[in-house]
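# structure for this input, please:
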Amino acid sequence: MRHILAACLLAATLALPAAAAPGPADQQAVHVLNRIGYGPRPGDIERVTALGVTRYIEEQLNPEAIPLPPALSARLALLDAANAPAAEALARYLDLRRDARNEEEGARQQRKAAMQKANRETDAARLLRAIESPRQLEEVLVEFWFNHFNVYSGKGLDRALVASYERDAIRPYVLGSFRDLLGATAKHPAMLFYLDNHLSTAAGFVPKGKNNNGMPRGLNENYARELMELHTLGVDAGYTQRDVTELARMLTGWTFTPRDLSGPNDGFRFDRRRHDHGTKHWLGQVVEDQGQAEGEYALDVLAMHPNTARHVSYQLAQYFVQDVPPPALVERMAATWQASRGSLRAVMRTLLTSDEFMAAATQGSKFKTPYQFVVSAVRASGVQVQNVQPLVGALNQLGMPLYGCQTPDGYKNTQEAWLNPNALTRRIAFATALGTGKLALDRAPAAPVATTLRDGMAAPMPAVLS
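Just a heads-up that it's a prediction; the model follows:
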């Protein structure tokens, strides 16, 4: 019986099924539960069928009206690291790192264990929400937008900042204004650190009375390049290398102080001394010296640029509809973007109420990423998760560690990226272990689990999966 359960879980989670239920209404419910959420839990198909797909979609577009289960809220409230303000989390990390360098081996191990605990709590917050929250579209969009504005948690200070970044710069804006989301990510210390804009200065800048602690001085174009290429316009939008350089000049002085993250925006500050006060020529416009307002102007322009509307609409349609999305749908979404001044809720409503989204050809056309596969398998099993660490280990083994994408473009969501024989073998092993109860998800861990990739090594899978 357990092996039959494992086979059913595998069939339900390898791909997004087109015909998992006999009736058309049930098929539509399965499709919607898989596309705007992480698959059905026991009873979900019947509930959505009775409610109606159209009404369910509209409910999901308004997650603030959907209460979280009290048990989930209580568990999330206990995760101190996931709830800590950026200032507190970073100060704790810096103190632990400093102390670990100056202590005996035993004390260093204790400090390392404290860092690992913070990682585990951050992982738990994401996975528990994805598995248990009834606000499924919100959770899917948190994953999508984190990938879109990716930061790598294995880089230095971002080990401590990733929880705040997701909580404060991503989650509040996933169905809000794209301009607000763009600004929140641009100013969060996790992004400023990951793409090095906190180091970017006008040419020739020298800190008064200091040697800048050996850090690089001068213009850094990393963030400006990714802001245009990945976050907004897209790589083929017709801008030039000079536009990248001029945007980087406009963003000089956007920084933070690691030991002082007080104030708004989790410690973002504009340092006029570092700013390039010269005239810039960007995207055909002359930009005179306006200090911080230059960067704000750039974000305003990029957020509402027609190329941004098309580029991001394409990515959303690729995620929710097909790997090569219908051009007509992308154009309608881009038109909604312009008409609504970048309202992500309006754009998503255009997508989710489209004929293309519900078309028969769309159903069953997306291959699940490892993250989607693992979360949907657990949801399908109905198990009450007390221990997420086997899932963290599984994601490492499947090549998609949480917060572990090193490159700014984030994880891919296409079949080409994830479908290969080795990946299928690992998925079968995971589904078998889950179906036969060998992952111990329903039992709290008795002791700290081995480190994750953020500590430089992968957490081991349970033995049955090795």
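
# low-confidence ranges in the stretch 301-450 of the chain?
Applying pLDDT under 70 to the stretch 301-450 of the chain picks out residues 446-450.

# please apply the same query to the stretch 51-200 of the chain.
99-108, 111.

# at 90 instead, please
Flagging of the stretch 51-200 of the chain using pLDDT under 90 yields the residue ranges 81, 87-118.

# what about the closest residue to Gln292 other than its chain neighbours, how many residues nearby?
Once flanking residues are discounted, Gln292 sits nearest to Phe270: 4.0 Å by Cβ to Cβ, 6 or more residues apart in numbering. Heads up, the C-betas are built off the backbone N, CA and C, glycines and all. Phe270 has 17 neighbours, counted by other Cβ atoms under 10 Å.

# one more: Arg98?
With neighbours defined by other Cβ under 10 Å, the count for Arg98 comes to 11.

# rewinding a little: where does the residue nearest to Gln292 land on pLDDT?
On pLDDT, Phe270 comes in at 95.

# bridged to it, which residues?
Applying DSSP bridges to Phe270 gives these bridge partners: Trp254.

# how close does it get to Ala89?
23 Å (Cβ to Cβ, to the nearest Å).

# what helix or strand is the spatially most central residue of the chain on?
Closest residue to the average C-alpha location of the chain: Phe146 at 2.1 Å, with Cα atoms, centre = their mean. With elements taken from DSSP states H and E, the one containing Phe146 is helix 136-148.

# then Ala429?
According to DSSP H and E, Ala429 maps onto helix 421-435.

# and that helix, what's buried?
Neighbour-count burial for helix 421-435 flags Ala423, Arg426, Arg427, Ala429, Phe430, Ala431, Thr432, Ala433, Leu434, Gly435 (criterion: 16 or more other Cβ atoms under 10 Å).

# then stretch 379-395?
379-381, 385, 387-395.

# can you list those residues in a markdown table and add secondary structure and distance to Thr350?
Below are the buried residues of stretch 379-395 laid out as a markdown table (DSSP: H, G, I helix; E, B strand; the rest coil; distance: Cβ to Cβ, whole Å):
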| residue | secondary structure | distance to Thr350 |
| --- | --- | --- |
| Arg379 | helix | 27 |
| Ala380 | helix | 30 |
| Ser381 | helix | 34 |
| Val385 | coil | 34 |
| Asn387 | coil | 40 |
| Val388 | coil | 35 |
| Gln389 | helix | 39 |
| Pro390 | helix | 39 |
| Leu391 | helix | 33 |
| Val392 | helix | 35 |
| Gly393 | helix | 39 |
| Ala394 | helix | 35 |
| Leu395 | helix | 32 |
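
# for Gly234, which residues are in contact?
Asn307, Thr308, Arg310, His311 (Cβ atoms under 8 Å, 6 or more residues apart in numbering).

# and Arg349, by the same measure?
Contact analysis of Arg349 by Cβ under 8 Å, 6+ apart lists Leu61, Thr336.

# from Glu88, how far off is Val375?
29 Å.

# and the two? which has more neighbours close in?
Per other Cβ under 10 Å, whichever of Val375 and Glu88 has more neighbours is Val375, with 26 against 15.

# just to revisit the earlier point, which strands or helices does the next helix or strand along the chain from the helix holding Phe146 pack on?
For helix 136-148, the following helix or strand on the C-terminal side (DSSP H and E) is helix 158-164. On a contact count with 3 or more Cβ pairs under 8 Å, 6 or more residues apart in numbering; DSSP states H and E, helix 158-164 meets helix 86-102, helix 105-132, helix 189-194.

# which ones are touching the residue nearest to the centre of the chain?
Phe146 makes contacts with Glu166, Ile170, Tyr403, Gly410, as judged by Cβ under 8 Å, 6+ apart.

# and if we set it to 10 Å?
Applying Cβ atoms under 10 Å, 6 or more residues apart in numbering to Phe146 gives the contacts 126, 162, 165-166, 169-171, 174, 185, 402-403, 405, 410-411.

# so how far is the helix holding Phe146 off the chain centroid?
A distance of 6 Å separates the centroid of the chain from that of helix 136-148, by Cα atoms, centre = their mean, to the nearest Å.

# quick one: the residue nearest to Pro445 when sequence neighbours are not counted and Arg273, what's the gap?
The shortest distance from Pro445 to any non-neighbouring residue, by Cβ to Cβ, 6+ apart, is to Asn387 (4.9 Å). Noted for Asn387: a distance of 50 Å to Arg273, by Cβ to Cβ.

# nearest to Ala339, of the helices and strands packed on helix 158-164?
Of all the helices and strands packed on helix 158-164, helix 189-194 sits nearest to Ala339, with 28.7 Å by Cβ to Cβ.

# that closest one packs against which elements?
helix 86-102, helix 158-164, helix 178-187, helix 222-226, strand 254-256, strand 268-270 (3 or more Cβ pairs under 10 Å, 6 or more residues apart in numbering; DSSP states H and E).

# can I get the ones you listed in TSV with distance to Leu419?
What follows is the helices and strands packed on helix 189-194, written out as TSV (distance: least, Cβ to Cβ, whole Å):
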stretch	distance to Leu419
helix 86-102	37
helix 158-164	28
helix 178-187	30
helix 222-226	27
strand 254-256	40
strand 268-270	41
